[in-house]
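J.: Fold the following.
(one chain, ligands or ions: 1)
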Amino acid sequence: MNGKINGWDEDELVCPHCKDEDLVLPTHIRNSTVLLIGEFPGDEEIKHGRPFVGATGSVLKTELARVGLDIRQFSLANLWIHKPNSNKACLEYGITKIIQIAKGKTAILLIGSDVVGYFVDEKVSQVNGLEVKSPYLSAPLIMACIQPATVFHQPLGELRLTLSKFAKKLKEITK
Ligand SMILES: [Zn+2]
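T.: Okay, the predicted model is just below:
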């Protein structure tokens with residue numbers, strides 16, 4: 001068998017460092033201009049082998065649709081390609097894949113405290129909804145966003161505000 005999953009070769013579907021086979025690699029969407037980066041795959045994501053499926057992804061999908069954005073047209077990734085562990089090499093391996101697919105994107109949304117912490121070295125609570133700079137990524141628009149799962153115990157307002165700002169900026173730079 002020599003199939004491809006999410007655009008990756010089959011032999012890439014095992015972590016070379018810990019040999020974990022439950023990988024959720026970033027999705028390559030041809031011609032996508034936007035990349036969303038979440039924290040780590042949950043059980044649903046591992047089951048389907050895709051980032052942003054499951055409860056959190058569903059909130060994000062709905063909220064993006066409210067501001068006129070279709071998550072199906074975006075490339076999707078997680079900071080961790082498998083459940084987080086203490087092996088820094090695993091984290092770095094996933095990040096090289098993110099950097100690979102981030103090239104040439106118009107906009108990148110960094111979602112959640114671990115992602116914002118890693119790429120921007122800031123607390124997400126300080127930069128939520130703001131444009132940020134990252135030493136690892138370059139795109140005309142990089143924005144920090146709180147973890148959508150917070151809406152399960154907090155009001156939706158903050159997330160909505162961030163996503164509407166993201167949509168507005170994206171429209172401005174792509175028109
Ligand atoms: Zn690993």
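J.: check contacts around the residue sitting nearest the centre point of the chain.
T.: Central residue of the chain (C-alpha atoms, centre = their mean): I37, 1.4 Å from the mean position. Applying C-beta atoms under 8 Å, 6 or more residues apart in numbering, we find I37 in contact with 77-79, 98, 108-111, 115, 119. All C-beta spots, glycine's among them, are computed from the backbone N, C-alpha and C.
J.: Among the residues you listed, which lie within helices?
T.: 98, 115, 119 (DSSP state H).
J.: Next one: the residue nearest to the first one when sequence neighbours are not counted from P84, what distance?
T.: On the basis of C-beta to C-beta, 6 or more residues apart in numbering, the spatially nearest residue to I98 that is not a chain neighbour turns out to be A77, at 4.9 Å. Computed with C-beta to C-beta, to the nearest Å, the distance linking A77 and P84 is 15 Å.
J.: Pick out whichever of these two has more residues nearby.
T.: Under the criterion of other C-beta atoms under 10 Å, the comparison of A77 against P84 puts A77 first, with 29 against 14.
J.: Which residues of the protein lie near the ion?
T.: Within the chain, the positions near the ion by C-beta under 5 Å from the ion are 15, 17-18, 20, 90.
J.: before we move on, back to that, for the contacts of I37, which one is nearest E158?
T.: Proximity of the contacts of I37 to E158 (C-beta to C-beta) peaks at I111, which lies at 12.7 Å.
J.: quick revisit: TSV please, covering the ones in helices among the contacts of I37 and showing pLDDT and neighbour count.
T.: What follows is the ones in helices among the contacts of I37, written out as TSV (pLDDT from 0 to 100; neighbours: other C-beta atoms under 10 Å):
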residue	pLDDT	neighbour count
I98	95	23
V115	97	25
F119	97	24
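J.: Doesn't R160 lie inside a helix?
T.: Yes - membership of R160 in a helix is supported by DSSP: H, G, I helix; E, B strand; the rest coil.
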